[in-house]
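1. give me a model of this one.
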Amino acid sequence: MDLVDVFKKKKIGDKVEIEGWIRNNRDQKEFGFIDFSDGTCFNSLQLVYDNKLSNFDEVCHYHVGSSIIARGKLVKSNGKQAMELKIEEIELVGDAPADYPIQAKRHTMEFLRSVSYMRGRTRTFQAVFRVRSVAAFAIHDYFQKNNYLYAMTPLITGTDCEGSNQMFKVSTFDFNDIPVDKDGKVDFSKDLFSKQVYITGSGQLHGEAMAMSFKKIYTFGPTFRTENSNTKVHANEFWMIEPEIAFCDLNGLMDIEEDMLKYVVSYVLEHCSDEINFFDSFVEKGLREKLEKLVKSEFVRITHKEAIDLLKKSKKKFEFEPSYDEDLAKEHEKYITEHFNGPVFIKDWPKDIKAWYMKVNEDGKTCAAVDLEVPGAGEIMGGSEREIDLKVLDKRIKEKNVKKESIEWFLNLRRFGGCYHSGFGLGFERLLMYLTGMENIRDVIPFPRTPGNCDY
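-> Below you'll find the model as predicted:
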């Protein structure tokens, strides 16, 4: 029986059989205690055994990390838990050596990353990956309840969305014998797809195509970037949520972003209460209050110009001077969210620092883009209304040096019954860091892929 069902469905006096792993084994002369977990819920169960067991001496020497099957009766506990299991039979399924890496003590995050294939056995990562699972379900639940189609866009693409310099290249060539043409350049005609292709950095363009048929779609899957960055918030493989909505302008998009984020946070608060309490106690003090406050907040909406005006009028000495033509620094985001004491949408950004596909506003200087800034995390979502004017798009493509031939199909979406539409991207791991208080993106991904790190 799963441990989660023991806690939900069983009562004192019931007999159960459970399978799982030993977190700790404290043996004494005539009895002992096993801290037991099977991974189906955050809480563990104490197993009690005594010298009446036929294999008592053997059980006393069961190592931490070993897998077991235990049978017995649930009895009232004298400790913090409401009940514990009085063992009647126990068998060792898989032994663990004495040097098992996840001993019953506090480990550093750096050490646990070095054995990431085992860190799910710890309470911290039991909580992290449970929240990851529940948050993923909440995202699907939100969009499915609101009539969105789940669009599974390709991971291999010939389309240049985020810039080919940021995308992994895909090839079947033998790297020790790459064919070249008469000009000495790589002959992609001999590759599997007969041209250079990439692992996607975004499903957005394909998502727009789907939205032109299904009105409201969302993607939720892995994306990849080659950025050689070792910060706490960057990874080379991560998951993205990218909704695309036809007949939706920028104001409608902000409504959806706010509604969706509040839904997911509320869902996690309800379904991962034990995990949130754990994070609140041991990872980020005040986490629960922060999340509950977000759900109740009215998100402020200001323009990029208004944000810069606010920063300049503050008279605060920033490390990076606020500029009407540039992006916001982390210190700027922090000041703005603290000033408004809650989440803030910043819209109408300088078009020259934003992507080519974002709608250019009537002033010709800004575009209908929006970033959502939240207290304690900074930017958590980025989106825009999409440009539908082919003349403007053609100019923007040239300005950004995008290969037009690779997106001709995308431009046809504007020719064949196009409409105004909008979409946003939400980095799943950034959201998880906000939900759990974990400071490093490597600690919300089961097997992180970062520069110099592609183990397991």
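2. could you use CA atoms for every contact and neighbour count after this?
-> Will do.
3. ranges for the strands of the stretch 301-450 of the chain?
-> Counting by DSSP state E, counting those that start in this stretch, the stretch 301-450 of the chain has these strands, from start to end: 344-350, 366-374, 378-385, 421-427.
4. give me the neighbour count for residue 324.
-> Neighbourhood size, residue 324 [other C-alpha atoms under 10 Å]: 14.
5. whoops, residue 177 was the one
-> Every residue meeting other C-alpha under 10 Å relative to residue 177 is counted, giving 7.
6. swap in the one 5 residues further on?
-> By the measure other C-alpha under 10 Å, the count of residues near residue 182 is 7.
7. same question for the one 10 residues further on.
-> Burial measure for residue 192: 13 neighbouring residues, criterion other C-alpha under 10 Å.
8. got the strands of the stretch 301-450 of the chain as TSV, with mean pLDDT and mean neighbour count columns?
-> TSV is the format used below for those (pLDDT from 0 to 100; neighbours: other C-alpha atoms under 10 Å):
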stretch	mean pLDDT	mean neighbour count
strand 344-350	98	24
strand 366-374	97	24
strand 378-385	94	24
strand 421-427	97	24
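9. between the ones you listed, which one is nearest to residue 209?
-> Within the strands of the stretch 301-450 of the chain, the stretch nearest residue 209 is strand 421-427; the backing value is 11.0 Å (C-alpha to C-alpha).
10. any idea of the angle that closest one forms with strand 378-385?
-> Relative orientation of strand 421-427 versus strand 378-385 (axes from the mean of the first three to the mean of the last three C-alpha atoms, to 10 degrees): 160 degrees.
11. which strands and helices sit next to strand 421-427?
-> Here strand 421-427 touches strand 237-246, helix 250-271, strand 378-385, going by 3 or more C-alpha pairs under 8 Å, 6 or more residues apart in numbering; DSSP states H and E.
12. need those in a markdown table (columns: distance to residue 171).
-> Shown next, in a markdown table, are the helices and strands packed on strand 421-427 (distance: least, C-alpha to C-alpha, whole Å):
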| stretch | distance to residue 171 |
| --- | --- |
| strand 237-246 | 18 |
| helix 250-271 | 37 |
| strand 378-385 | 31 |
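13. check contacts around the nearest residue to residue 158 once chain neighbours are set aside.
-> Leaving aside its sequence neighbours, residue 158 sits nearest to residue 197 (C-alpha to C-alpha, 6 or more residues apart in numbering; 4.6 Å). By C-alpha atoms under 8 Å, 6 or more residues apart in numbering, the contact list for residue 197 reads 156, 157, 158, 159, 169, 170, 171.
14. thought the third one was touching residue 198?
-> To tie it back to what came earlier, the one meant is residue 158. Yes - Residue 158 is within contact range of residue 198, at 6.1 Å (criterion: C-alpha atoms under 8 Å).
15. is it true that residue 90 touches residue 70?
-> Yes - taking contacts as C-alpha under 8 Å, residue 90 lies within contact range of residue 70: 4.4 Å.
16. helices along the stretch 201-350 of the chain, start to end?
-> 204-214, 250-271, 273-282, 287-296, 304-313, 330-340 (DSSP state H, counting those that start in this stretch).
17. just those helices: most buried one?
-> Neighbour counts (mean count of other C-alpha atoms under 10 Å) averaged over each of those peak at helix 204-214, with a mean of 20.
18. what residues does that helix touch?
-> 149, 151, 153-154, 161, 217-219, 242-246, 410, 413, 418-419.
19. just how off-centre is that helix within its chain?
-> Distance of helix 204-214 from the chain centroid (C-alpha atoms, centre = their mean, to the nearest Å) equals 23 Å.
20. how many neighbouring residues does residue 353 have?
-> Other residues lying near residue 353 total 12 when counted by other C-alpha under 10 Å.
21. return the residues in contact with it.
-> Residues near residue 353 by C-alpha under 8 Å, 6+ apart: 325, 326, 327.
22. and if we set it to 6 Å?
-> With contact set as C-alpha atoms under 6 Å, 6 or more residues apart in numbering, residue 353 has no partners.
23. can you pull the pLDDT of it?
-> Residue 353 carries a pLDDT score of 95 in this model.
24. relative to residue 396, how far out is it?
-> According to C-alpha to C-alpha, to the nearest Å, residue 353 and residue 396 sit 12 Å apart.
25. contacting residues for residue 170?
-> 197, 198.
26. quick one, phi psi at it?
-> phi -110, psi 130 (degrees, to the nearest 10).
27. related to what we said a few turns ago, mind putting the strands of the stretch 301-450 of the chain in CSV, distance to residue 42 included?
-> Listed next are these as CSV, based on distance: least, C-alpha to C-alpha, whole Å:
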stretch, distance to residue 42
strand 344-350, 33
strand 366-374, 28
strand 378-385, 27
strand 421-427, 25
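28. looking at the ones you listed, which is nearest to residue 1?
-> With C-alpha to C-alpha, the closest approach to residue 1 among the strands of the stretch 301-450 of the chain belongs to strand 421-427: 35.8 Å.
29. quick check: angle from that closest one to strand 366-374?
-> Using the same axes, to 10 degrees: strand 421-427 against strand 366-374 is 40 degrees.
30. excluding sequence neighbours, find me the nearest residue to residue 15.
-> residue 73 (4.3 Å).
31. what is the burial count for the one you found?
-> Neighbour tally, residue 73, other C-alpha under 10 Å: 19.
32. only whichever of the contacts of helix 204-214 are buried, select them in ChimeraX.
-> ChimeraX command restricting those to the buried ones, with burial defined by 16 or more other C-alpha atoms under 10 Å:
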select :149,151,153,161,217,218,219,242,243,244,245,246,410,418,419
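33. residue 280: what's its closest spatial neighbour, skipping adjacent residues?
-> Nearest to residue 280 is residue 287, by C-alpha to C-alpha, 6+ apart, at 5.1 Å.
34. for residue 205, see how far away the closest residue to residue 203 other than its chain neighbours is.
-> Among residues not flanking residue 203 along the chain, residue 153 sits closest, at 5.8 Å (C-alpha to C-alpha, 6+ apart). Distance, residue 153 to residue 205, using C-alpha to C-alpha: 9 Å.
35. who's in contact with residue 66?
-> Residue 66 touches 21, 22, 94, 95, 96, counting by C-alpha under 6 Å, 6+ apart.
36. let's see the pLDDT reported for it.
-> Reported pLDDT for residue 66: 97.
37. count the neighbours of the nearest residue to residue 267 once chain neighbours are set aside for me.
-> Nearest residue to residue 267, sequence neighbours excluded (C-alpha to C-alpha, 6+ apart): residue 138, at 6.4 Å. By the criterion of other C-alpha under 10 Å, residue 138 has 21 neighbours.
38. restricting to C-alpha, output the helix or strand containing residue 138 in CSV.
-> Here residue 138 sits within helix 123-145, counting by DSSP states H and E. Listed next in CSV are the C-alpha coordinates belonging to helix 123-145 (Å, rounded to 0.1, in the frame of the first residue of the first chain):
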residue,chain,number,x,y,z
ARG,A,123,13.0,15.8,2.5
THR,A,124,14.0,18.9,0.7
PHE,A,125,13.9,17.4,-2.7
GLN,A,126,10.9,15.2,-1.9
ALA,A,127,9.1,18.6,-1.4
VAL,A,128,10.7,20.3,-4.4
PHE,A,129,9.8,17.6,-6.9
ARG,A,130,6.3,17.1,-5.4
VAL,A,131,5.6,20.8,-5.9
ARG,A,132,7.0,20.5,-9.5
SER,A,133,4.6,17.7,-10.2
VAL,A,134,1.6,19.4,-8.7
ALA,A,135,2.4,22.8,-10.3
ALA,A,136,2.6,21.1,-13.7
PHE,A,137,-0.8,19.5,-13.2
ALA,A,138,-2.2,22.9,-12.1
ILE,A,139,-1.0,24.5,-15.3
HIS,A,140,-2.6,21.9,-17.5
ASP,A,141,-5.7,22.1,-15.4
TYR,A,142,-6.0,25.8,-15.8
PHE,A,143,-5.7,25.8,-19.5
GLN,A,144,-7.9,22.8,-20.1
LYS,A,145,-10.7,24.3,-18.0
